[in-house]
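**Q** This is a predicted model, with the sequence first.
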Amino acid sequence: MAGGSRVRVDHLVTSGTFSLDGGTWEVDNNVWIVGDDTEAIVIDAAHDADAIAAAVGDRTLAAIVCTHGHDDHIDAAPALAARTGAPVLLHPADLMLWKQRHPDVEPDAELADRQVITVAGTELTVLHTPGHSPGAVCLYAADLGTVFSGDTLFQGGPGATGRSFSDFPTIITSIQERLLTLPARTLVRTGHGDDTTIGDEAPHLEEWIARGH
């Protein structure tokens, strides 16, 4: 595809808090920027709109994509949108989580399963992967050999399901049917922590299931 050879993935880590169910925790979040020298998208505008805008630089920001609605992944999204004019995209099943953080601001557009987002000639396919939250999604970029997993899959196992709006059997089904079916060499770029690969995580599915019961 045109521009595909120039596409790169930039990464920064931002720090802040995650709040849900009356608790608050300190967290470090991965922010992913996919694009070339002229345009990009941001995956999860976490905590620091200034730092994310600086990493985008003078490129056109085509979209701010939210992997889910937990506040640590969306807290900087409205400020970054206001600064850049980029639309904020969120799966509608997580709107109630978004509203807990941003009651007076709506996302600009909805994400849907199998929707294709194109940036700099590279396609990212939206995979609806509920479980960590009802509207959680991952973004699969076949050309880049990577999937941006948000908080659905980490190095070492599934995302947390112990809080409101989450469900362990659902996240296991999502991972099994939507992620472990990707090529084994696919790089998993996560919402927190280190990268992994589908091939490294797939053999542990039965362990996760046993651990979750």
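**A** Nice, I can see it. Note that this is a predicted model, so its numbers are computed, not measured.
**Q** which stretches of this protein have low pLDDT?
**A** Within the chain, the ranges that satisfy pLDDT under 70 run 1-5, 213.
**Q** And the helices in it?
**A** According to DSSP state H, the chain carries its helices in the segments 49-56, 71-74, 77-84, 95-101, 168-174, 198-201, 205-212.
**Q** In the fifth one, which residues are buried?
**A** Residues 168, 170-172, 174 are the ones in helix 168-174 that count as buried (16 or more other Cβ atoms under 10 Å). Every C-beta, even on glycine, is put in place using the N, C-alpha and C of the backbone.
**Q** Please save the CA atoms from it in PDB.
**A** Included here for helix 168-174 are C-alpha records, laid out as PDB according to Å, rounded to 0.1, in the frame of the first residue of the first chain:
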ATOM      1  CA  PHE A 168     -13.500 -13.500  33.100                       C
ATOM      2  CA  PRO A 169     -15.200 -16.100  30.900                       C
ATOM      3  CA  THR A 170     -15.900 -13.300  28.400                       C
ATOM      4  CA  ILE A 171     -12.300 -12.100  28.200                       C
ATOM      5  CA  ILE A 172     -11.100 -15.700  27.800                       C
ATOM      6  CA  THR A 173     -13.500 -16.200  24.900                       C
ATOM      7  CA  SER A 174     -12.300 -12.900  23.300                       C
END
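**Q** helices or strands next to that helix in the packing?
**A** strand 157-158, helix 205-212 (3 or more Cβ pairs under 8 Å, 6 or more residues apart in numbering; DSSP states H and E).
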